[in-house]
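**Student:** Here is a sequence together with a model predicted from it:
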Amino acid sequence: MCVQRRVVEYKTRGIISQRTLELKQEQIVMSICLSLDRVAGHYEVVEVALAHNHGVYLPQTFHLMSSQRRISELQAIEIEAVDDSGIRPRHAHDLASRLVGGPMNLSYTPRDHKNHLQSRRQRELAYGQAGSMLKYFQQKQAENPSFQYTLQLDSEEEISTIFWADAKMCIDYAHFGDVIAFDTTFGTNKEYRPFGVFVGFNHFRETVIFGAALLFDETRGSFKWLFEAFVEAHNRKQPRAIFTDQDTAMGLAVGDVFTQAWHGLCTYHIMQNAVKHLCNSKVEDKEEDEEPHILLDFSACMYNIEDKAAFEEAFDIMRNKVDKKKASWLDSIYKLKEKWTECYMRDVFTLGMRSTQLSESFNSDLKKHLKSDFDIIRFLKHFERAVQGKRNKELDAEFEATKKLSRIGMETPMLLQTSEAYTPTIFEAFKSEYRRSMAACSRALDGDNTYVVTIVRANGDLSSELERIVVGDPLEQTASCSCFQFKRTGVLCAHALKVLDLMNIKLLPNHYPLKRWTREAKSGTIQDTKGRDIIEDPKLDAMLRYKFVSHKFHDFASEAASDRECILLVDNALDILAKQVREKLRISRSILSESSNVQPNVQQDEGLLSSARLKKKRFNRKVQRDINLGSRRHASTKRKTQRNL
């Protein structure tokens, strides 16, 4: 036996004094050879070698010995948390070493770190891709019963499409699900499945997530199933408007399911297609000069023309400028004009949204933390991380809104009122309209409280501003403007504010500040599909208690670490306290289990998880290569669009 190795272990655990260590080192026996006397029934010492029979470890390498290397439970939690945050193992190990004063003070090596993560991933995928995904969702639902997930099975009982939404997504949709955008992307997961996400605006105009899905394919049937699952998860509540790209199957499914919603097409995608179909890669100089004008004409038809007759005239002129092939594409997009032109969207409640850029932006953020070879569990965890990033922005905005008062400028009764009601972002938009109303000219028309309102520019020019017709009602305290800004965005326009002032209404009537734009937008309780009040985070109280106690323990440990005897005292006290706490938790869990009357069939659950299968997608190499290059093609088209505009 070699006593030196054991002595070093004792030293690292701090349970013997320095004097005892010196005595043991002087009396080290390098090796002993024993023989068993079976008749007498005892061992006999045959040989004793006092000289070293192996190389002596340097003190600087003691931490590399097998007896010194172990990953504690707390270290395992830290390693997994850092991995979930997207930090590479090498960088994570370097950080852990620095926190304890160097790698010699860390009880595991970089190889141990990687082996632990690999073992963890093997445990996570113990039931295969599909079974492990189901187990992950079941754990989420156990943590919060309001977590929603739905699976679509094919004829062979294989999982083809998955939809899920956590408790906060359900709460956010109840408050802000009036206008949503849906988009799909590739290259986010190992199975090359299209990933779809439903997004919208909160009261700070920050991005909020309402649900996500992994699809097998992009057919009308798949989209229809997904949209029905989305509506079902949100208590059958439909949005007022939904934006998608020009995918035909998706558009048909939207019409099948979102019967109460206006369907708009992403204007950014349409402009990309305009660049593709109205511009040639190889053109003569004359054509090259004309094509930017075509794009400008098309952009004007999309964004600037408010009158339908003027749109028809401008579009017809533009169509006559191009050849037959380009005219064919213009004819096809013209058939969908109600879904993308300004003149047909003026009175549609869209919150100012015109594209699916919110969902595309989220997909871009998600891909920053993902690789296409990620298994489904790592994908789901990194998706959580990306969602939490968006939620952190909302918390930052909430904190800033509470910490700072909005800058009013002019202390008028209406601005004072709205600065307290609206969130800072929306108040800035309202304040801009209010200032424009102060620079507006008006004249009365025949009829009760009907006015023509024109905004005067800073240079006194009226010619570039359109005249707006505003009809006021002093009794109802309303002002309806022909620009329809309030109907589109929920923020009153300068023209209507001018007429309210003419009617001596100095405070904004209560029916104008939409709740979804106010500081109290998230007040009230929301119920899930089972009729239960949704609790956003059931573990919040436990997290706050942990935060309080962990800071207290950390400060106490830092103070005691300066003295060996103090740290031994703390270590012994924690051992005693840990036994008491574990016993208390055991009793509490036993009482809770008896009162719940729930007897889960574990074997049945494990059998279900093991038998679950994901429907496999079969690609040839060319298709896989096209999918991997998809994001680069998208970026190239985007640059070309911006260059031509």
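**Tutor:** Perfect, I can see it now. Because the structure is a prediction, the values reported are computed rather than measured.

**Student:** Okay, and Val275 sits in which element?
**Tutor:** helix 267-278 (DSSP states H and E).

**Student:** Please point out which parts of that helix sit buried.
**Tutor:** Neighbour-count burial for helix 267-278, with 16 or more other CB atoms under 10 Å as criterion, is recorded at 267-275, 277-278. Just so you know, the C-beta spots here come from the backbone N, C-alpha and C atoms, and that holds for glycine as well.

**Student:** TSV for these, including pLDDT and distance to Phe137?
**Tutor:** Output for the buried residues of helix 267-278, formatted as TSV (pLDDT from 0 to 100; distance: CB to CB, whole Å):
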residue	pLDDT	distance to Phe137
Thr267	92	36
Tyr268	91	33
His269	91	32
Ile270	93	37
Met271	92	39
Gln272	90	36
Asn273	90	37
Ala274	91	42
Val275	90	41
His277	88	43
Leu278	86	46
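
**Student:** of these, closest to Lys515?
**Tutor:** Closest to Lys515 out of the buried residues of helix 267-278 is Thr267 (28.1 Å), distances taken as CB to CB.

**Student:** State the distance from Lys498 to Ile455.
**Tutor:** Using CB to CB, to the nearest Å, Lys498 is found at 9 Å from Ile455.

**Student:** With Tyr303 instead?
**Tutor:** 19 Å.

**Student:** higher neighbour count, Lys498 and Ile455?
**Tutor:** Legend: neighbour count by other CB atoms under 10 Å for Lys498 and Ile455, higher for Lys498 (27 against 21).

**Student:** Isn't that one up against Ala439?
**Tutor:** No: counting by CB atoms under 8 Å, Lys498 does not reach Ala439; the two are 9.4 Å apart.

**Student:** ok, the residue minimising distance to the centre of the chain - contacts?
**Tutor:** Centroid check for the chain by CA atoms, centre = their mean gives Val387 as the closest residue, at 1.7 Å. For Val387, the contact set (CB atoms under 8 Å, 6 or more residues apart in numbering) comprises Ile209.

**Student:** Need the pLDDT of the residue found closest to Cys441 once you drop the neighbours it is linked to in the chain.
**Tutor:** Nearest residue to Cys441, sequence neighbours excluded (CB to CB, 6 or more residues apart in numbering): Thr454, at 5.1 Å. Listed pLDDT for Thr454 reads 91.

**Student:** Quick check: Thr454 touching Val470?
**Tutor:** No: when contacts are counted by CB under 8 Å, Thr454 is not listed as touching Val470 (10.8 Å).

**Student:** So if I had to pick from these two, which one is more boxed in?
**Tutor:** Neighbours were counted for Thr454 and for Val470 using other CB under 10 Å; Val470 has more, 25 against 18.

**Student:** buried set for the strand or helix carrying the more buried one?
**Tutor:** Taking DSSP H and E as the criterion, Val470 maps to strand 468-473. Neighbour-count burial for strand 468-473, counted by 16+ other CB under 10 Å, picks out 468, 470-472.

**Student:** Sheet partners, orientation included, of that strand?
**Tutor:** Counting by DSSP bridges, the strands paired with strand 468-473 are strand 450-455 (antiparallel), strand 478-481 (antiparallel).

**Student:** ok, and which of the ones you listed has the densest surroundings?
**Tutor:** By mean neighbour count, with neighbours taken as mean count of other CB atoms under 10 Å, strand 478-481 ranks first of these at a mean of 22.

**Student:** Would you mind writing the CA trace of that strand as CSV?
**Tutor:** Taking C-alpha atoms only, strand 478-481 is exported to CSV below (Å, rounded to 0.1, in the frame of the first residue of the first chain):
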residue,chain,number,x,y,z
THR,A,478,-65.0,61.2,-29.5
ALA,A,479,-63.1,62.4,-32.5
SER,A,480,-62.9,60.2,-35.6
CYS,A,481,-60.2,61.1,-38.1
